[in-house]
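# when you get a sec, could you give me coordinates for this:
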Amino acid sequence: MASRSSSSWTSKQNKVFEKALATYDKDTPDRWQNVAKAVGRSIEDVKQHYEILLEDVKHIEDGAIPFPKYITTKKR
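Below is the predicted model of the structure:
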């Protein structure tokens, strides 16, 4: 697994990161600069975070991460 950044990301930063990835796709010039600016992190930080995201997605797609077992309640 990739090494995690020493500085944790907040849930707000993660949401901004995900939105920025959707806004600045792989064909956008200066993509990482734009994503970093949106999140308030360095270009190196967002590139590393993206690599971790890709690794997590791969683990999910490979079935290495089980689906959570949600408890459902019946409505009357």
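# tell me what the helix or strand bottoming out on mean pLDDT in the chain is packed against?
Ranked by mean pLDDT, DSSP states H and E, the helix or strand of the chain with the weakest confidence is helix 43-61, at a mean of 94. The contact analysis (3 or more C-beta pairs under 8 Å, 6 or more residues apart in numbering; DSSP states H and E) places helix 43-61 against helix 11-23, helix 31-39. C-beta: built from backbone N, CA, C; applies to glycine.
# compute the inter-axis angle for the last one and helix 43-61.
Taking axes from the mean of the first three to the mean of the last three C-alpha atoms, to 10 degrees, one finds helix 31-39 and helix 43-61 inclined to each other by 100 degrees.
# go through helix 31-39 and flag the buried ones.
31-32, 34-36, 38-39 (16 or more other C-beta atoms under 10 Å).
# identify, from those, the entry nearest to Ser7.
Nearest to Ser7 among the buried residues of helix 31-39, counting by C-beta to C-beta, is Val39 at 11.9 Å.
# spatially central residue for the protein, please.
Taking C-alpha atoms, centre = their mean, the centroid of the chain lies closest to Leu53, which sits 4.6 Å from it.
# mind checking the SS state of Thr28?
Secondary structure state of Thr28, per DSSP: H, G, I helix; E, B strand; the rest coil, is coil.
# wait, it sits on Asn34?
Yes - counting by C-beta atoms under 8 Å, Thr28 sits close enough to Asn34 to count as a contact (6.7 Å).
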